[in-house]
Structure formats: structure tokens, C-alpha cells
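Engineer: Any chance you can model this:
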Amino acid sequence: MKKIILTLALAGLATSPLLAQPRGRAVPPPPGAHDVAGELVLYGATDFSGQSQRVTGERASLSTPFAIRSLSIHPGDRWQICAHPGFRPPCTTVQRPLANASIIGVTGQIGSIRLLPDANAPTN
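Structural biologist: This is a model prediction of the structure:
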């Protein structure tokens, strides 16, 4: 009986998407991942479509000509998004692309936004 369970467990591991990757091949970026570090893209429709606006650096006041429905960020970037200008709360940190920004409470406009330092960067 133990032999059967171990065999089934090993069979399950062999079909795991992470283990099934051929060596030397890069793992594809997640859907909506942006290809430019330090740049975020806001979209007027879910699933990274519709009108778009690129944001780089800090924006203490931000407005778009469309309601924000999704956003794309570079893998490894962290952005602070605040409901009000001047980085006044409520604020949240985003570390991955969002195909539907409503899951973090964004249903229209963002008041302010800024790129946060790398959490893993060495400090002096």
C-alpha cells in the first residue's frame, strides 16, 4: 500500500508545471507583466486592455481620462497606490499585475502613486 501512495505522489510531482520546465528555459512572465522596470501601465478596461497611460516615478497627483480597471507592473517592482493626492490614505502596495483593479478597491481614479524601493535592496 505504501508503495502505491509513493508512486502516485511521484507521478503528481512529475506533472507539476514547475518541474516540467526544460532546463535552461526561462519561465514566462505572469499575464500582464510589464517589460519596463520602474514603469506602471494603467488601463481603462480589465485584462490589460482599453485606453492606457504609462506612469514612471512618483506622482503626488494623478488623473487619467478614463476609469482605471487594470494595471500592469514589471516583475519585482512594488508600487504604492493611494486613493487621495499627496499619498494620503487609504494606500496599498501592489507587487503584481492586476487584471481587475477592483480587487484592491480601485474602481475609477487613483489619487497618487509612487514606485517603492526594492524590499531586498541592501541598505547603507
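
Engineer: pLDDT (mean, whole number) over stretch 49-60?
Structural biologist: The average pLDDT within stretch 49-60 is 95.

Engineer: which other residues reach it?
Structural biologist: For stretch 49-60, the external contacting residues (CB atoms under 8 Å, 6 or more residues apart in numbering) are 38-45, 62, 64-66, 69-70, 85-87, 112-115. (C-beta placed from N, C-alpha, C; glycine too.)

Engineer: which residues of the protein fall in helices?
Structural biologist: Taking DSSP state H, the helices of the chain run over residues 2-14.

Engineer: how about low-confidence regions in it?
Structural biologist: Along the chain, the model assigns pLDDT under 70 to residues 1-31, 119-124.

Engineer: What's the ChimeraX syntax to select whichever of the contacts of stretch 49-60 are buried?
Structural biologist: In ChimeraX, this line selects whichever of the contacts of stretch 49-60 come out buried by 16 or more other CB atoms under 10 Å:
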select :39,40,41,42,43,44,62,64,66,69,70,87,112,113,114,115
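
Engineer: Contacts only, for residue 40.
Structural biologist: Counting by CB under 8 Å, 6+ apart, residue 40 has contacts 34, 54, 55, 56, 71, 72, 73, 77, 79, 113, 115.

Engineer: isn't the fifth one right next to residue 44, touching?
Structural biologist: Which is residue 71. No: the criterion here is CB atoms under 8 Å, and residue 71 misses it with residue 44 at 10.8 Å.

Engineer: re the thing from before, who wins on neighbours among the contacts of residue 40?
Structural biologist: residue 71 (28 neighbours; other CB atoms under 10 Å).

Engineer: Which residues does it form beta bridges with?
Structural biologist: Counting by DSSP bridges, residue 71 is bridged to residue 42, residue 98.

Engineer: how close does it get to residue 89?
Structural biologist: 19 Å (CB to CB, to the nearest Å).

Engineer: likewise residue 110?
Structural biologist: 13 Å.

Engineer: any idea how far the spatially most central residue of the chain lies from residue 78?
Structural biologist: By CA atoms, centre = their mean, the chain has its centre lying nearest to residue 96, at 1.6 Å. With the distance defined as CB to CB, residue 96 ends up 10 Å from residue 78.
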